[in-house]
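[1] Make a model of this:
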Amino acid sequence: MRDVLKLGRAYDLTWADTLALKSAGALAERIPVKSSPACQASMRLGLPYDFLYRSRAEQARLLAAPRALEEAPAS
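    Residues are numbered from 1 along each chain as shown. Next comes the predicted model:
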C-alpha cells in the first residue's frame, strides 16, 4: 500500500512514534466501552459490562456465584 500511495521514507515511523502507537493501542484494548458489542453481550447474559476485561480468576468467580445459589437446596 505504501508503494501505491508513493509514501517515501519521510513517512516512516520513528522508534518513539512506534512506541507511542503501541502504547495507545494497548491502553485502548483495556478500556471497556458500554456501547461496544462485547460489553452489550456480557450485559445480555446478566454479567457485568466489563466481564471480558476482568482477570480469568474474577471471571470464574462471577460465573460460579450464580450456580452456587441455584444448586443450594430449597429451604
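
[2] who touches stretch 14-25?
    With contact meaning Cβ atoms under 8 Å, 6 or more residues apart in numbering, stretch 14-25 is reached by Leu13. All C-beta spots, glycine's among them, are computed from the backbone N, C-alpha and C.

[3] What average pLDDT does it get?
    Stretch 14-25 carries an average pLDDT of 95.

[4] With stretch 50-57 instead?
    Over the span of stretch 50-57, the pLDDT mean works out to 94.

[5] residues in contact with that stretch?
    30, 32, 38-39, 42, 48, 59, 62.

[6] wait, which of the residues you listed is closest to Leu7?
    Nearest to Leu7, judged by Cβ to Cβ, of those is Arg30 at 30.8 Å.

[7] What separation do you get for the nearest residue to the closest one once chain neighbours are set aside and Thr18?
    In this structure, Arg30 finds its nearest non-sequential neighbour in Tyr53, 6.5 Å apart by Cβ to Cβ, 6 or more residues apart in numbering. Relative to Thr18, Tyr53 is positioned 25 Å away (Cβ to Cβ, to the nearest Å).

[8] picking that back up, just the contacts of stretch 50-57: which are in helices?
    Using DSSP state H, the subset of the contacts of stretch 50-57 located in helices is 38-39, 42, 59, 62.

[9] Please tell me which one of the residues you listed counts the most neighbours.
    Compared across the ones in helices among the contacts of stretch 50-57, Ser42 has the highest neighbour count, 21 neighbours, by other Cβ atoms under 10 Å.

[10] Done for today, thanks.
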